[in-house]
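S.K.: task: produce atomic coordinates for the following.
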Amino acid sequence: MDGKIIGFIIWSALGLLFIILAVYSLFTKKPMRFWANADVFEVTDIKAYNRAISKLFSLYGVVIIILGLPLLSGQNSAWILLSIVGLMIASILLMIIYTNRIEKKYRKR
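M.R.: Residues are numbered from 1 along each chain as shown. From the prediction side, this is the model:
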């Protein structure tokens, strides 16, 4: 198997992991954690909160897979910068959307 295909498969496995996490968050009864070592705040509507987290994670997983497409162009391609910078921007946007939209909407006041 060619090295660029193996790299794309590994990159896509990360995106697939987020999509699996999104499906898991749809069916869990407790509020889904977003931050690694932080407790979840008190949620007003757990089902709607988990649905919002699921949409966020699935969109992020799809974006990761799409950003991995430049890996198929070869080892010395400048397009790989699109993948690296795009992943950083997507990760920052993920945190901003969670903090400014989801957390504000579902935090019990």
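S.K.: from residue 51, how far off is residue 69?
M.R.: Between residue 69 and residue 51 the computed distance is 28 Å (C-beta to C-beta, to the nearest Å). Using the backbone N, CA and C atoms, a C-beta is placed for each residue, glycine as well.
S.K.: over to residue 40?
M.R.: Distance of residue 40 to residue 51, given as C-beta to C-beta: 15 Å.
S.K.: and the helices in the protein, which stretches?
M.R.: 3-27, 46-67, 80-97, 104-106 (DSSP state H).
S.K.: so where's the chain shaky on pLDDT?
M.R.: The model of the chain has pLDDT under 70 over residues 1, 75.
S.K.: I'd say residue 72 and residue 2 touch.
M.R.: No: with contact defined as C-beta atoms under 8 Å, residue 72 does not reach residue 2; the gap is 9.2 Å.
S.K.: more neighbours: which of the two?
M.R.: More neighbours surround residue 72 than the other of residue 72 and residue 2, with 14 against 9 (other C-beta atoms under 10 Å).
S.K.: list the contacts of that one.
M.R.: Going by C-beta atoms under 8 Å, 6 or more residues apart in numbering, residue 72 touches 4, 5, 8.
S.K.: among those residues, which one sits closest to residue 88?
M.R.: residue 8 (18.8 Å; C-beta to C-beta).
S.K.: can you tell me how far the closest residue to that closest one other than its chain neighbours is from residue 57?
M.R.: Leaving aside its sequence neighbours, residue 8 sits nearest to residue 71 (C-beta to C-beta, 6 or more residues apart in numbering; 4.5 Å). Distance of residue 71 to residue 57, given as C-beta to C-beta: 22 Å.
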